[in-house]
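Enquirer: My questions concern the predicted model and sequence given below.
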Amino acid sequence: MVQKYGGKSVATIDRIRDVAGQIIENHIEGVGLVVVVSAMADTTDELLRYAKLISSNPRERELDMLLTAGERISMALLSMAIWDSGHSAISFTGSQSGIITDDVHTRARIIEIRASRIISELQHGRIVIVAGFQGVSAKREITTLGRGGSDTTAVALACAIGADRCEIFSDVDGLYSADPKRCDDAVHIPEIDYETLFDLTFFGAKVVHPRAVELARKYNIPITLASSIHKEKRTMVKSKAMEGTNFVAISSQEEIFWVSTSADRKEIEEILNHLDKSRTNIRSPYLTDDGNLAHLSFWVLPEQADEVKKILDEGKYDYETQMVSLVAVSGYGIAESSEAMTTIIKILNDGKIPFAHIGTTNR
């Protein structure tokens, strides 16, 4: 089994000890364990702050060297805590774990995992602790997978070692119909399918990263979403939902950067190529053609706004932007349901809530 513990789960020395105890309980039951850890809460942000104090535009290679230190601290402390409790553990960085990526710094993609060293340690009865969020390129450069990369690390390792399941622990006990920190009447969701979970995380739910969900769906890795602090509830992710329209949950982004541009087809192709090469994570791209010009719209998270504007400005493309909010309603069959769309529009009209765009995904 692979377990992943987020930053808040290992935020303090006491919490690291608690996590070590939880891991040991599973180990005593005879479960072979690979444990992926994030950096301690706020550590990555603090390291980024240091980088910005040194340089307004730090080199991405050096950012990767700096930011991977956070996960290395967590993995070593957790391994120490397990040893101190009388059990055997070993900690590995991403490169020591055999996580091979491409050579794009700060947003690398995993190419393969050479897990022989992990498997060997498991066969010797050790608990293996892996630093999430990081890997190594074929050029032997340290790389990072971008924000949420520890979730992706955990699912990828589960695929590589043939794990029965992947358990992802955070400070929230699974998935809710809305953010429980904002909505007192949010309902806990005990089961959900991959597709609906992907939509929720893609549009703002923070319980797991959408890259990890997509990878788990592709390789049919069972996922459990749970809390390492509040252990009463959890959410199981299954492969299929029952047929019929079924509302599940709402997710949101307080701000998104909406971009629209019109150009001939060749220029639109150039724009998309530039965005792809820079690994800009454009979302919900929509393209139409009126016979004269092609019209492209998409959105990105605010932290990528400057990157998008730079690409478009350097190409001297005409474009318009808006900062807007996004609310997503997710559930099996909603995209094909006229009833769901009618209900959404009625809610907006009754509440006199203005909107700029309503669309659906194909999931």
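Expert: Yes, it's here.
Enquirer: how much space is there between the residue nearest the centre of the chain and Asn57?
Expert: Note on the chain: the residue nearest the mean C-alpha position is His209, at 1.9 Å, using Cα atoms, centre = their mean. The gap separating His209 from Asn57 is 26 Å, by Cβ to Cβ, to the nearest Å. (Each C-beta comes from the backbone N, C-alpha and C, glycine too.)
Enquirer: can you check Phe202 too?
Expert: Separation of Phe202 from Asn57 (Cβ to Cβ) stands at 29 Å.
Enquirer: And the two? Which one has more around it.
Expert: Each of Phe202 and Asn57 has its neighbours counted (other Cβ atoms under 10 Å); Phe202 has more, 21 against 7.
Enquirer: Let me see the contact set for the more buried one.
Expert: Residues counted as contacts of Phe202 (Cβ atoms under 8 Å, 6 or more residues apart in numbering) are Pro210, Arg283, Ala328.
Enquirer: Please, where are all the helices along the stretch 151-300 of the chain?
Expert: Ranges of helices in the stretch 151-300 of the chain, per DSSP state H, counting those that start in this stretch, are 194-202, 210-219, 265-277.
Enquirer: any chance of the ones you listed in a markdown table, with distance to Ser74 and mean pLDDT too?
Expert: Shown next, in a markdown table, are the helices of the stretch 151-300 of the chain (distance: least, Cβ to Cβ, whole Å; pLDDT from 0 to 100):
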| stretch | distance to Ser74 | mean pLDDT |
| --- | --- | --- |
| helix 194-202 | 23 | 89 |
| helix 210-219 | 18 | 93 |
| helix 265-277 | 32 | 93 |
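Enquirer: Any chance of a markdown table for these, columns distance to Ala226?
Expert: Formatted as a markdown table, these follow (distance: least, Cβ to Cβ, whole Å):
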| stretch | distance to Ala226 |
| --- | --- |
| helix 194-202 | 14 |
| helix 210-219 | 15 |
| helix 265-277 | 35 |
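Enquirer: element containing Gln3?
Expert: Gln3 belongs to strand 2-5 when assigned by DSSP states H and E.
Enquirer: Of all the residues in the very next helix or strand once past that strand, which ones are buried?
Expert: Next in sequence after strand 2-5, counting helices and strands by DSSP H and E, comes helix 13-28. Judged by neighbour count (16 or more other Cβ atoms under 10 Å), helix 13-28 contains these buried residues: Arg15, Ile16, Arg17, Asp18, Val19, Ala20, Gln22, Ile23, Ile24, Asn26, His27.
Enquirer: Looking at the second one now. What's its pLDDT?
Expert: According to the prediction, Ile16 has pLDDT 98.
Enquirer: Break the chain down into its domains, please.
Expert: 2-241, 250-350 (automatic domain parsing).
Enquirer: I figured Ser325 was touching Trp258, is that so?
Expert: No. Using Cβ atoms under 8 Å, Ser325 is not in contact with Trp258; the gap is 10.2 Å.
Enquirer: okay, the two: which has more neighbours?
Expert: Trp258 (18 against 11).
Enquirer: which residue packs closest to that one, ignoring adjacent ones?
Expert: Closest residue to Trp258 apart from its sequence neighbours, by Cβ to Cβ, 6 or more residues apart in numbering: Gln322 at 4.4 Å.
Enquirer: and the angle for the strand or helix carrying the one you found with helix 194-202?
Expert: Taking DSSP H and E as the criterion, Gln322 maps to strand 319-332. Orientation check (axes from the mean of the first three to the mean of the last three Cα atoms, to 10 degrees): strand 319-332 against helix 194-202 gives 140 degrees.
Enquirer: can you give me how far the strand holding Gln3 is from the chain middle?
Expert: Relative to the chain's own centre, strand 2-5 is displaced by 14 Å; criterion: Cα atoms, centre = their mean, to the nearest Å.
Enquirer: ok, now stretch 89-98?
Expert: Its chain's average C-alpha position is 21 Å from that of stretch 89-98, according to Cα atoms, centre = their mean.
Enquirer: buried stuff in that stretch?
Expert: Neighbour-count burial for stretch 89-98 [16+ other Cβ under 10 Å]: Ala89, Ile90, Ser91, Phe92, Thr93, Gly94, Ser95, Ser97, Gly98.
Enquirer: likewise stretch 103-114?
Expert: Neighbour-count burial for stretch 103-114 [16+ other Cβ under 10 Å]: Val104, His105, Thr106, Arg107, Ala108, Ile110, Ile113.
Enquirer: quick revisit: which members of the buried residues of helix 13-28 are the farthest-apart pair?
Expert: In the buried residues of helix 13-28, two members sit farther apart than any others by Cβ to Cβ. They are Arg15 and His27, at 18.4 Å.
Enquirer: Tell me the one among the buried residues of stretch 89-98 nearest to Met40.
Expert: Of the buried residues of stretch 89-98, the one sitting nearest to Met40 (Cβ to Cβ) turns out to be Ser91, at 14.4 Å.
Enquirer: Name the helix or strand for the closest one, please.
Expert: Assigned by DSSP H and E, Ser91 belongs to strand 89-92.
Enquirer: Adjacent strands (with direction) for the next helix or strand after that strand?
Expert: As assigned by DSSP H and E, the chain's next helix or strand after strand 89-92 is strand 99-101. Counting by DSSP bridges, the strands paired with strand 99-101 are strand 110-113 (antiparallel), strand 134-137 (parallel).
Enquirer: Would you tell me which strand is longest in the chain?
Expert: As assigned by DSSP state E, the longest strand anywhere in the chain is strand 246-263.
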